[in-house]
Structure formats: structure tokens, C-alpha cells
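A.B. asks: could you look at this predicted model? Sequence included:
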Amino acid sequence: MTEPTNQNHIIPIQQDQRIHFLDVLRGIAILCIFMANIIYFSGLFFFSESYQDPAFFFQSDIILGFLSFMFIDGKFYSIFSLLFGIGCFIQYHKLKHQNKPFAPFFGRRMFWLLVFGLIHLIGFWLGDILTLYAILGFTIIPFINVSGKKLLILAIILILLPILNWLIISYFGINYPDILHQKSIASWKSYGYPQVEWQGKFWNDIEFELTNKNWSDFFKMNLGNSWLRLAMILEEGRIFKVFGIFLIGLWAGRKILNENILQNVKLLKKITLYSLLLGLPMSGWRAYLVFGGEQSQINSFLNTLSYALGTVPTALGYAALIALFFRKKPKVLMWLAPAGKMAFTNYILQTVFGIMFFYGIGFGWAGKFGFTMITLIAIGYFLLQVIWSTLWLNYFKYGPLEWLWRQLTYGKFLRIRKS
């Protein structure tokens, strides 16, 4: 006899209802996000050559850095954003079939994600994405039933808005994010922490932060850095871009559940071809501007333009290409699924590893490695995460943070151990 449902009893998605491809894609995304984030954890660009250890720098560093910037930077947090939108629609679809209201449930889910995100951002690392996702997650609720065509039109406009944002800040001189930048500087100054001047502007001294060995100072510096993170999000126009990708995710989620788009080979091939034909050349151009171009206003604009036109199309092309490959050879990629199922936990653990391995409050390896070494470290740690995720899920239904988030969202105890 099935348990009756009511307005106060919402059934979580069961394991046999999961779309395994999404877990695989999430696993790939969490790997590549770490490969991008470890550049900043490691302090690669913040230390002088006198501080670096020549034994850990190689000829391959420059080439690998360029290729990573071209093929990885920004693409996989974009895929993560796409997956967020897809997941949002899957939850809406499930609740609709249970005759449950979506907005209260998703509002609770985003509230607790915001709590986790603020702890991560303010307490530990300025590169946090959870806070932004949670804030934008609240605003996605009214768009859940918007037509597919309107979602895509709106998404394109939002993804291009960072170009207008650049014009407002850099061309017209209305630098509204600088208010938050100055709050960050003021916070560091109030504690007596040093700043450095770069391109005519003062910044918090990241080398000082990375080599600091005092936990109290670590938390105080990170509190100040939180304002800097918000300034960077506004300056990049990332709010517009991420929300635009959320809307594409809603569209994709609807297509996955209602039209089985993951089996539509013809459409997936078109998305792959056209997205990569636009995205990769623009991403290559952007990498050239960053690695070989001069610091100038025109190059700054071209960087913003190429980022807007290159990053999201490349991410969509990657997602469609992986879907095509997974359709033919799912077993080749399924080993990544456990890490994807525990993406929230693994994302936070990547921060823990990055801080403990590189920062002065940990082992103090910041500034010692070149690009080749930190890439190998990122891949090595991710492989350990795959192993531990696989072992954990042999005994438990959810990752530890996934379980905690679910409990807080559903407001009841959920059994974590498998029978």
C-alpha cells in the first residue's frame, strides 16, 4: 500500500529516478571547476619568481595554462549553472505530479543553500558560487512556466548584458562595483593588513593572505575579501550570465523530461556543432588577449565581448557532446557519477583541500608550483574524491552535505543509510 501524499509530505527524488547522465556531467563539471579554482588556491599568479621553487616549474606550464584558459575557464561553472536550472525544473516536475506547491519548497531549499554559501564565502573562500546560486535561485521561481521560446530569448539577452555592463563601468565611468571594492580595502586596513597597488588601484595583498599562519587573521581577511567577491561578480556582469544559463537549464530540463532530448541525436549534434564553432574561436581569442595582449581599454572590451560570445556556447557544446558520447558508451563515463551525486560535498571539500594544502595555516605550498603541477594535483585529488564518493555511496543514499541540505529543506529526518 502506497503512503498517501498531502501538502506537508513531500517525497524526495528516489535513486532509481535519477538521470545518470546528469550525475556524470556534474562529476565532470566539479573536476574542471577545481582545475580552474586551484589556480587561485595555489597562488600561481600572486608570488614573485624568487619565491617559486624551480623544481616544480616546467616548459609545459605556459602552453598548458593557455589551453586551460581557452578550454576550461568559465565553461564548467557554466555547465554547473545549466545543471542547476535543469535540477530546478526536475524538482518542479516532481512536485507538480505530487500536487504540491513548488515555490515554498524551492524557497526553503534556496534559503538553506544561501546559509551554506554565506558560511563558505564569508568564512573560508572568496571564490564561492553557492551564494550567487541561492540568491538567483529565488528569482527563478516566477520563470518556471514561461514558454521555451521566451526563456531562450531572455537567456540570450542576459548572457549578452555583461557587454553593456562593461560599457557602463569602463566607458561611461559609472563604476558602481567599486563601492564594494573599497569596503574590502577598508576592512583589511582596519585590521592593519597590507595592500598592493596594481594598474593604478589598491588591492588586498593575496600573497600575505596565502602565507599567513594565523587562523584568526585568516577569518578576518576572508571577511574583507567577501566584499571583493561581490564587487567582482558585479564588475563581470556574472549575475546576468548565470541567470541566463539558469533559464537555459529550465528549457533543457523541460525538454529532457517532456521530449526526451537526451535521445535526440540530430538536435544534440546541431547544438554541439554550432555551439563549438562559435564558442571555441571566441574562447581562443580571449585566451590570446589575456596571455599576449596589452593592458588597454579596447582589449578589456574585447575580452568581455569574447567571454560573452565564447564561454556559454562552448559550455553548451561540451554538454551536448558529452551527452552524445554517454548515449553510445555510458559505461566509459559512469565511474564519474558518484562524484557528481556528491557534488555539493565534493565542492566544499575542494575548498578544504585547497586551503589546507596551499595556505600558510595549512602546509604552506602556495606559490611553489607551476601550472603543470597544480593541474596534476587537482586531477589527483579529484580521483581520490571519486574513490571516496563511490565507497560512501555503497553504504549511504546521499553525500553528507546533500543529506543535511535535504533534511533542512524537507524539515524532517531522512534516513541516510541504505537498507
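C.D. replies: Everything's here; your move. Numbering: from 1, shown residues only.
A.B. asks: where does pLDDT dip in this structure?
C.D. replies: Residue ranges of the chain with pLDDT under 70: 1-18.
A.B. asks: looking at it, which helix is longest?
C.D. replies: What stands out as the longest helix in the chain, according to DSSP state H, is helix 297-328.
A.B. asks: counting contacts, what elements does whichever helix or strand comes after it pack onto?
C.D. replies: Next in sequence after helix 297-328, counting helices and strands by DSSP states H and E, comes helix 330-333. Here helix 330-333 touches helix 20-41, helix 297-328, going by 3 or more CB pairs under 8 Å, 6 or more residues apart in numbering; DSSP states H and E. C-beta here means a position set from N, CA and C on the backbone, and glycine is covered the same way.
A.B. asks: point out the most buried one among those helices.
C.D. replies: Comparing the helices and strands packed on helix 330-333 by mean neighbour count (mean count of other CB atoms under 10 Å), helix 20-41 ranks first with a mean of 22.
A.B. asks: which other helices and strands contact that helix?
C.D. replies: Here helix 20-41 touches helix 75-97, helix 297-328, helix 330-333, helix 337-341, helix 343-358, helix 371-395, going by 3+ CB pairs under 8 Å, 6+ apart.
A.B. asks: what lies in contact with the last one?
C.D. replies: Residues external to helix 371-395 that are found in contact with it (CB atoms under 8 Å, 6 or more residues apart in numbering): 27, 30-31, 34-35, 38-39, 42, 44, 56-58, 60-62, 64-65, 68, 335-336, 338-339, 341-342, 346, 349-350, 353, 357, 369, 399-400, 417-418.
A.B. asks: give the buried subset of those as a PyMOL selection command.
C.D. replies: In PyMOL, this line selects whichever of the contacts of helix 371-395 come out buried by 16 or more other CB atoms under 10 Å:
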select buried, resi 27+30+31+34+35+38+39+42+44+57+61+64+65+68+336+338+339+341+342+346+349+350+353+357+369+399
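A.B. asks: what about the closest residue to residue 51 other than its chain neighbours, which SS state?
C.D. replies: Once flanking residues are discounted, residue 51 sits nearest to residue 367: 4.9 Å by CB to CB, 6 or more residues apart in numbering. Secondary structure assignment for residue 367 (DSSP: H, G, I helix; E, B strand; the rest coil): coil.
A.B. asks: ok, the residue most central in space within the chain - contacts?
C.D. replies: What sits nearest the mean C-alpha location of the chain, by CA atoms, centre = their mean, is residue 77, with 3.4 Å. Residue 77 makes contacts with 29, 33, 36, 129, as judged by CB under 8 Å, 6+ apart.
A.B. asks: out of the residues you listed, which comes closest to residue 19?
C.D. replies: Using CB to CB, residue 29 comes nearest to residue 19 of the contacts of residue 77, at 14.8 Å.
A.B. asks: list the residues that contact the closest one.
C.D. replies: 76-77, 79-80, 83, 340, 343.
A.B. asks: of the helices and strands packed on helix 330-333, which is nearest residue 156?
C.D. replies: Closest among those, using CB to CB: helix 297-328, at 9.2 Å.
A.B. asks: residue 164: what secondary structure?
C.D. replies: Residue 164 - assigned by three-state DSSP - is helix.
A.B. asks: next up, the contacts around it.
C.D. replies: Neighbour list for residue 164: residue 237 [criterion: CB under 8 Å, 6+ apart].
A.B. asks: distance of it relative to residue 275?
C.D. replies: Distance, residue 164 to residue 275, using CB to CB, to the nearest Å: 23 Å.
A.B. asks: before we move on, what about residue 236?
C.D. replies: For residue 236 relative to residue 275 (CB to CB), the value is 21 Å.
A.B. asks: which element is residue 276 on?
C.D. replies: Residue 276 belongs to helix 265-292, assigned by DSSP H and E.
A.B. asks: that helix vs helix 75-97, what angle?
C.D. replies: 140 degrees (axes from the mean of the first three to the mean of the last three CA atoms, to 10 degrees).
A.B. asks: ok, the closest residue to residue 300 other than its chain neighbours - contacts?
C.D. replies: Nearest residue to residue 300 in three dimensions, chain neighbours excluded: residue 170, at 6.3 Å (CB to CB, 6+ apart). Contact analysis of residue 170 by CB under 8 Å, 6+ apart lists 297, 300-301.
A.B. asks: you'd agree residue 197 is in a helix?
C.D. replies: No - applying three-state DSSP, one finds residue 197 to be strand, outside a helix.
A.B. asks: that one: neighbour count?
C.D. replies: If you count neighbours by other CB atoms under 10 Å, residue 197 ends up with 8.
A.B. asks: same check on residue 384?
C.D. replies: Residue 384 is flanked by 12 other residues according to other CB under 10 Å.
A.B. asks: tell me how many other residues surround residue 111.
C.D. replies: 14.
A.B. asks: now do it against residue 81, distance only.
C.D. replies: 19 Å.
A.B. asks: next: residue 118.
C.D. replies: Distance check for residue 118 against residue 81: by CB to CB, it reads 19 Å.
A.B. asks: so those two - more neighbours on which side?
C.D. replies: residue 81 (27 against 15).
A.B. asks: quick check: that one touching residue 250?
C.D. replies: No - counting by CB atoms under 8 Å, residue 81 sits too far from residue 250 to count as a contact (11.3 Å).
A.B. asks: so residue 241 touches residue 158, yeah?
C.D. replies: Yes - the criterion here is CB under 8 Å, and residue 241 meets it with residue 158 at 6.7 Å.
A.B. asks: higher neighbour count, those two?
C.D. replies: residue 241 (25 against 21).
A.B. asks: so that one is in which element?
C.D. replies: Judged by DSSP H and E, residue 241 forms part of helix 238-259.
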